[in-house]
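> please work out how this folds:
(one chain, ligands or ions: 1)
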Amino acid sequence: MDKKIAQQVKTFLQTPQNIVIVGHKNPDGDAVGSCMGLYFFLKSLGHNTQVVMPNDYPNFLKWMPGNETICTYEKETEKCQQFFDEANIVFTLDFNSFTRVGDLQGVLENCKANFVMIDHHQAPGDYAVVTYSDVGMSSTSEMVYHFMAGLDRLDLLSENIATNLYTGIMTDTGSFRFSSTTPTTHRVIAHLMEAGANGTQIHNNIYDTNTPDRIKLLGVALNNMTILPEYNTAFITLTQQELDDHNFKKGDTEGFVNYSLSVLGIKFAAIFIENKQENIVKISFRSKGEFSVNKFARAHYNGGGHNNAAGGKSDKNLEDTVTEFISILSNYKNALQNNA
Ligand SMILES: [Mn+2]
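Numbers count the residues shown, from 1 in each chain. Model (predicted):
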């Protein structure tokens, strides 16, 4: 972390502050992990701190230390509003645009507090007084570690902080396999383990909690996989009916898209999930190598993310969305065939 950023933050945090930490809509392991890691850190510095999430997060994250203190705007709207009214400082973690927080957008836009952004996504907005943005980072959770280091307070690295940050780094790197995983990431992980993070336990808590319904839904998804060898592309579809048949719960389809990417030779993967309630098709993209799914999602699906992982949506029905996707692919044939 930049020395200048550290100096700015130190000035902010000289005396006890009312701080709200916010993660993005549909919080994932990195959103919860980075927010809760920072929460325990700021608490130990003596600040009055509260984490607010726009909406609920999956059950497989509900063991994370301190997560029971999180206030969810969707459920406890007035209470959350009050935290923002009283805040001097708002940390926004794992996102960089107010469009990523759902119904909280207006609250953030009207909030008088000073904003601090910690985030690793592309194209950061300019709402923050302090912007710590680094697209080369594996995860926001890794950045929270560097944030503590930048403030010279790694002495405060507790088991609770370590467990949260480890979880965020592990989930955002696909268990340390994505190309964003650097030697530094592993050094950070080593330190987190020394501070009490139990890697085996965390892995079990996150990945070995499948319900029979979810595993059977995965079976349906794999059965629905279409492979397009001419584009080195594979995609999965799931209809609302298929979700309903398996008592779909938030988070159940998390990671399904990666199975397409595990097919030999596949460099570009997508999953299309019908959502009748919102009348949209939700889409996740993954890639290997140079092909930027961030650019692809921004150009065609009102979304974005990272080079190798992004999301978007379509207002067309599932069938038309897939037809359109295949026709769009023809414009990328060269890029997908030559993708290293
Ligand atoms: Mn992240």
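> helices or strands up against the longest helix along the chain?
Taking DSSP state H as the criterion, the chain has its longest helix at helix 29-44. Applying 3 or more Cβ pairs under 8 Å, 6 or more residues apart in numbering; DSSP states H and E, one finds that helix 29-44 contacts strand 18-22, strand 48-53, strand 89-93, helix 140-150, helix 159-172. In this view, the C-beta of every residue, glycine as well, is placed from N, C-alpha and C.
> closest one to residue 239 among the ones you listed?
helix 159-172 (26.9 Å; Cβ to Cβ).
> that closest one: which residues count as buried?
For helix 159-172, burial by neighbour count (16 or more other Cβ atoms under 10 Å) applies to 160-172.
> same question for stretch 205-218.
Those would be 205, 206, 214, 217, 218, for stretch 205-218 by 16+ other Cβ under 10 Å.
> assign a three-state SS to residue 126, would you?
Secondary structure, DSSP: H, G, I helix; E, B strand; the rest coil: residue 126 is coil.
> report pLDDT for the closest residue to the ion within the chain.
For the chain and the ion, the shortest gap (Cβ to the ion) falls at residue 30, measuring 3.5 Å. Residue 30 carries a pLDDT value of 98.
> helices along the protein, start to end?
Taking DSSP H as the criterion, the chain carries its helices at 3-12, 29-44, 77-86, 105-110, 140-150, 159-172, 183-194, 199-207, 212-223, 240-245, 256-261, 293-300, 318-329, 333-338.
> report the buried residues of the last one.
Residues of helix 333-338 classed as buried under the neighbour-count rule (16+ other Cβ under 10 Å) are 335, 336.
> need the residues of this protein near the ion, please.
Within reach of the ion by Cβ under 5 Å from the ion, the chain has these residues: 30, 94, 139, 140, 172.
> and which of these is nearest residue 73?
residue 94 (15.9 Å).
> skipping adjacent residues, who's closest to residue 95 in space?
Closest residue to residue 95 apart from its sequence neighbours, by Cβ to Cβ, 6 or more residues apart in numbering: residue 24 at 3.9 Å.
> so who does that neighbour touch?
31, 54, 94, 95, 100, 101 (Cβ atoms under 8 Å, 6 or more residues apart in numbering).
> quick check, residue 310 in contact with residue 300.
No - look at residue 310 against residue 300 with Cβ atoms under 8 Å: they stay out of range, at 10.9 Å.
> who has more neighbours out of those two?
residue 310 (25 against 16; other Cβ atoms under 10 Å).
> mind checking how far that one is from residue 180?
Remark: distance between residue 310 and residue 180 (Cβ to Cβ, to the nearest Å) = 13 Å.
> mutual contacts of these two, please.
With Cβ under 8 Å, 6+ apart, residue 310 and residue 180 have no common neighbours.
> which residues does residue 94 contact?
23-24, 28, 30-31, 34-35, 118-121, 139-140.
> from those residues, list the buried ones, please.
Here, 16+ other Cβ under 10 Å leaves 23-24, 28, 30-31, 34-35, 118-121, 139-140 buried among these.
> circling back: next, the angle from the longest helix of the chain to helix 159-172.
Calculated by axes from the mean of the first three to the mean of the last three Cα atoms, to 10 degrees, helix 29-44 forms an angle of 160 degrees with helix 159-172.
> so how far is helix 29-44 off the chain centroid?
Put simply, helix 29-44 sits 14 Å off its chain's centre (Cα atoms, centre = their mean, to the nearest Å).
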